[in-house]
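Peer 1: Below: sequence and its predicted model.
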Amino acid sequence: MDQIEDPLIEGRARLQTLDFNASLKGNVPQQHRFSSTKLKNELEQYDSQEWSKRINLDQGYFKYPSDLAQAELHRQCHYLQPDKEFLDSTDATECPCCKKQLRRNRVSTYFVDLYDYLSNEYGITIPLHFTFLKVQLFILTLFFLVYGIFFILEVKYLCGLDLKIKCKDPNFEFCDQCQFSSFYSFIDLGTLQDLLKNYEQNENNEPWKWKYFQFAAFFIFLINIFMPFVYETIIRYNQVKYWDKEPVNHLNENKKSIYVKHLPYKMTQNEIHQTIQRALALDTNKLIAKKSFLFEKEASITELVYVYDIHEITEMNITRERQFLDLLVTIQQIKELKEANMIRTFKPEQIRAYQTFTIELLENLFKQQMKELVFQTNKIKLYLKNGLPFTNKILIKFASPEQRTAVYLHYKKTWYQNLLIRYEVLKQEQRELKAKQRVSDTFEYPENAASSYDSQDHEQDTIAQAKMKEEQQAPTILAQLQDDYSDKYIEQVHHQLRVQRGFRVDEVNWENLGMNTLKRFQLRLRTLIITLVTCVLMMGGFEFIYVYQHNPDMLDTKSKGNLSTTQKVLTYIMTVLITVFSSYATLTILGNMAKSRRITYSDLEENIMNFMIFIQNILITFFPYIMTIEFWDGFNRVVPIYDLISLSLSRLIFKDLYHTIHLRHTKYWLQKRKILKAFNPMLYFQGQLNQLMTPPEFPQRGRTLAIFFMTTMASTMIYFCPVLEVICIGFLIYLYIFDRNAILTHYQIDKKFNLEHLSYFVKAFQVIVTPMNIYMYMRLFWGSGMCVYVGAPLSIIVVITLIFLKRRIVNFIVFSIFKQKKKMPAKQFVERPFFESYNNHFQNLRIETLTEILAKIYKSEKTMNDSVSSEI
């Protein structure tokens, strides 16, 4: 496909417009026509070996046979630290397909300054991940020194090392409370607080202990509620410090663009410009109405991108690529069978049958595959000829942010109005879907390649005529009112449109952007139902395990130390199973969220972060706490706390195992191992092999969720069991060491996860976790005077301050206290046009590339001379 760019020069204005149908519809190159009956007859006479001589696939995605050395070079170029053995064995400097540089400079895994090493190319998001880890390790260590050591020493003082001897003494009343003190070193908080209060009342003992215990608990609470604020200060500090290197600070295309949905018809640039100018002038808000002068010049709109539904054509071409590869494999099998009387090239699904293949069978298969390939190519050609489905959506980029802001504020609607618009659109698309199904019942693509190619053309011409008639009738009354841009026209357009803020170019998923609203609604509804059902099952699972472990018979048996081996094993298995189930349920929901066709990377990531923060911190972390404290009296009894510790420990172990054996990386490793074990260059196109060998991206969102989950669990469980915090510290140290090595040698860096996403995560984390931290402290230490007179008022002050003054306080700390200044970048950050990104995406679908290849093969020599003359 040629470059789809239509520059319109009007006066001084140069508008960049992308409209696929303007250059594709009804325009099929002569050499791309495959639909004659004569060509169909020629296919019957093709000889596989003669046909294979015409194949010349020596470069690009469709290079065949593939080259494992080139794929390995592609893989190593994605690492920050390629294998030293590979570097010694090659003189290459870059990957020929993606132009990534091969990094030859070696750095220290654990001592390199990641800010200097990564910020120029990848920004500062990855270095911030390790900064957060260091801060969390410091805070948890401080918690243990201030609170944990004192707690453990008091437990050891109360229970002692000779617990069995003490329990025989009838005057020793803490035998039940001390039954778990030998390993985890904890007793219930109620007993400990009563004991420390008694110390204060008895002057001969140590009255300072109760005061110190109150202070230590309040110190942990204070740090917990301020931690999100600390994270945001760290983010802002490093953003300003590396202002000249962080791309987020300099790319502002999203501040100049809007995304418009539910257009009444396919409006031209002039219609859009005049409609916006007239609409702003009629706005009842005088401040917005005054902004209409911004659109008096024709240069107000710099980009106009019409959004089409390309999902169906994408699936068609994927099928065609698979058919083409199957055809090439069949040709190779015929060649091997003729030359060596043995087949060495076979697909995985042929592993049981390939030894029974004969030349006659393969020749027939070859002819059938050729027919299917021609049929699929013809189907794609006709689809493009009829025109891609327009989705009534456009992306508009203005010359300045002020213009974007004025348009957005004018068309901005309440959530209720947007809901009504979506409802009307869903009804309209449902009617269109039924009408399309009625047409499809009458005119549809043949089910197989045996159908007449000419009849297929005739049917598609009929469909094209019906489609054109429908498009001509689409504007109807609204288009008639458009001539003078009357108030009624402006009002109707305003009622139908839904306008959103624009996106960053690199995060747009163009295929999802063009998806039908009804389809996306169905996918999101499915995801929502699965999420709700899974959450109910997770909570039900927690309740089941706690009911089992805390029924009267079990408690009585456990308190007497008479649990059988079977009961102990069953209890532990249930604890592990509920951990595995909740993790599997979470992964299931994440998979469905990925299938919900979010239109941008940010939209998907924010949706996942909202869900995961809620699930991990409410259902997985705090829900068991509430069950333990409120329902099973964990404040005054030690057995429920022991069960809570067991559950928390199993979660921590599983979380570390999951991030060590990361599913995406494990799948990639197994796939690469399978390819290398029995590599056959005839089974892959070069681009396909390169994609399979491309290392996965570092899962920064998942890692951030993991370390925040561990830190939240450690900073709350320290109230009950400081030993568990020591275990959390160990896991965090392990993750730090593992991740420092992983980002250099196991993963490629995800450029899309940027500073804005990390900042959003911290804000969402604060909204969810801060109320729960306040609840935990108030509930456990309400008997403390410091809690009543200091903790409660401080909680209210902190929450109000963080809501209204947080941004000002952060900026004051960064700019006034730390004296940071924004530096101008040494290099110029160039904004990438939307039309270029969309057009490149369509080019990367390889539709025209494969069509060109097939045209050269099928139309070569005498076949071209005999068949082209009869083409339509």
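Peer 2: Arrived safely.
Peer 1: contacts, neighbours, all on C-alpha from now
Peer 2: Noted.
Peer 1: now the strands for this protein?
Peer 2: Listed in chain order, the strands of the chain (DSSP state E) span 6-10, 13-18, 257-261, 301-308, 390-398, 498-501.
Peer 1: For the stretch 751-872 of the chain, give me the ranges with low pLDDT.
Peer 2: Within the stretch 751-872 of the chain, the ranges that satisfy pLDDT under 70 run 859-872.
Peer 1: Can you tell me which of the strands of the chain has the worst average pLDDT?
Peer 2: Lowest mean pLDDT of the strands of the chain: strand 6-10, a mean of 36.
Peer 1: hang on, the earlier thing: would CSV of the strands of the chain with mean neighbour count and distance to Gln376 be doable?
Peer 2: Shown next, in CSV, are the strands of the chain (neighbours: other Cα atoms under 10 Å; distance: least, Cα to Cα, whole Å):
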stretch, mean neighbour count, distance to Gln376
strand 6-10, 13, 30
strand 13-18, 20, 27
strand 257-261, 22, 32
strand 301-308, 23, 21
strand 390-398, 22, 22
strand 498-501, 20, 37
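Peer 1: Take those and write them to JSON lines, including distance to Tyr789.
Peer 2: Shown next, in JSON lines, are the strands of the chain (distance: least, Cα to Cα, whole Å):
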{"stretch": "strand 6-10", "distance to Tyr789": "69"}
{"stretch": "strand 13-18", "distance to Tyr789": "64"}
{"stretch": "strand 257-261", "distance to Tyr789": "51"}
{"stretch": "strand 301-308", "distance to Tyr789": "60"}
{"stretch": "strand 390-398", "distance to Tyr789": "55"}
{"stretch": "strand 498-501", "distance to Tyr789": "46"}
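Peer 1: which one of those lies closest to Ile718?
Peer 2: strand 498-501 (44.0 Å; Cα to Cα).
Peer 1: partners of that closest one in the sheet?
Peer 2: strand 257-261 (antiparallel) (DSSP bridges).
Peer 1: thought Ser300 was touching Leu294?
Peer 2: Yes: counting by Cα atoms under 8 Å, Ser300 does reach Leu294; the two are 7.2 Å apart.
Peer 1: overlap in contacts of the two?
Peer 2: Residues touching both Ser300 and Leu294 (Cα atoms under 8 Å, 6 or more residues apart in numbering) are Gln403.
Peer 1: can you pull the contacts of the residue most central in space within the chain?
Peer 2: Nearest to the mean C-alpha position of the chain, by Cα atoms, centre = their mean, lies Glu605 at 4.7 Å. By Cα under 8 Å, 6+ apart, the contact set of Glu605 is His757.
Peer 1: Look at it and report its pLDDT.
Peer 2: Value for Glu605, per-residue pLDDT: 87.
Peer 1: Quick check: it vs Phe842, distance?
Peer 2: Between Glu605 and Phe842 the distance is 24 Å, computed by Cα to Cα, to the nearest Å.
Peer 1: just Lys367 next, same as before
Peer 2: 31 Å.
Peer 1: swap in Leu590?
Peer 2: With Cα to Cα as the criterion, Leu590 and Phe842 are 27 Å apart.
Peer 1: Then Val726?
Peer 2: 53 Å.
Peer 1: what do you get for Lys674?
Peer 2: Lys674 sits 31 Å away from Phe842, going by Cα to Cα.
Peer 1: what about these two, which has more around it?
Peer 2: Between Lys674 and Phe842, Phe842 has the larger neighbour count (other Cα atoms under 10 Å), namely 19 against 11.
Peer 1: Enumerate the helices of the stretch 301-450 of the chain by residue range, in sequence order.
Peer 2: Assigned by DSSP state H, counting those that start in this stretch, the stretch 301-450 of the chain shows helices spanning 311-340, 359-386, 401-411, 415-442.
Peer 1: Take those and write them to a markdown table, including distance to Gln688, mean pLDDT and mean neighbour count.
Peer 2: Listed next are the helices of the stretch 301-450 of the chain as a markdown table, based on distance: least, Cα to Cα, whole Å; pLDDT from 0 to 100; neighbours: other Cα atoms under 10 Å:
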| stretch | distance to Gln688 | mean pLDDT | mean neighbour count |
| --- | --- | --- | --- |
| helix 311-340 | 10 | 92 | 18 |
| helix 359-386 | 19 | 88 | 19 |
| helix 401-411 | 41 | 90 | 19 |
| helix 415-442 | 34 | 65 | 13 |
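Peer 1: Which one of the strands of the chain lies nearest to Val155?
Peer 2: strand 498-501 (57.7 Å).
Peer 1: Run through who's touching that closest one.
Peer 2: 254-255, 257-262, 408, 411-413, 418, 421.
Peer 1: got a markdown table for the residues you listed, with distance to Arg106 too?
Peer 2: Shown next, in a markdown table, are those (distance: Cα to Cα, whole Å):
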| residue | distance to Arg106 |
| --- | --- |
| Asn254 | 37 |
| Lys255 | 39 |
| Ser257 | 42 |
| Ile258 | 44 |
| Tyr259 | 44 |
| Val260 | 48 |
| Lys261 | 50 |
| His262 | 53 |
| Tyr408 | 49 |
| Tyr411 | 54 |
| Lys412 | 52 |
| Lys413 | 54 |
| Asn418 | 54 |
| Ile421 | 57 |
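Peer 1: Just give the number of residues close to Tyr777.
Peer 2: Neighbour tally, Tyr777, other Cα under 10 Å: 20.
Peer 1: how near is the closest residue to it other than its chain neighbours to Asn252?
Peer 2: Closest residue to Tyr777 apart from its sequence neighbours, by Cα to Cα, 6 or more residues apart in numbering: Phe221 at 6.5 Å. The gap separating Phe221 from Asn252 is 40 Å, by Cα to Cα.
Peer 1: Looking at these two, which has the bigger crowd around it?
Peer 2: Using other Cα under 10 Å, the more surrounded residue of Phe221 and Asn252 is Phe221, with 23 against 18.
Peer 1: Make sure the more buried one is actually in contact with Arg779.
Peer 2: No: between Phe221 and Arg779 there is no contact under Cα under 8 Å: 12.0 Å.
Peer 1: And the helices in the stretch 101-250 of the chain?
Peer 2: Along the stretch 101-250 of the chain, counting by DSSP H, counting those that start in this stretch, helices occupy 114-122, 125-143, 149-159, 163-167, 189-201, 208-241.
Peer 1: Where among these is average confidence lowest?
Peer 2: For those, mean pLDDT drops lowest on helix 163-167, to a mean of 63.
Peer 1: Switch the helices of the stretch 301-450 of the chain over to a markdown table; also include distance to His746.
Peer 2: Listed next are those as a markdown table, based on distance: least, Cα to Cα, whole Å:
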| stretch | distance to His746 |
| --- | --- |
| helix 311-340 | 29 |
| helix 359-386 | 39 |
| helix 401-411 | 41 |
| helix 415-442 | 44 |
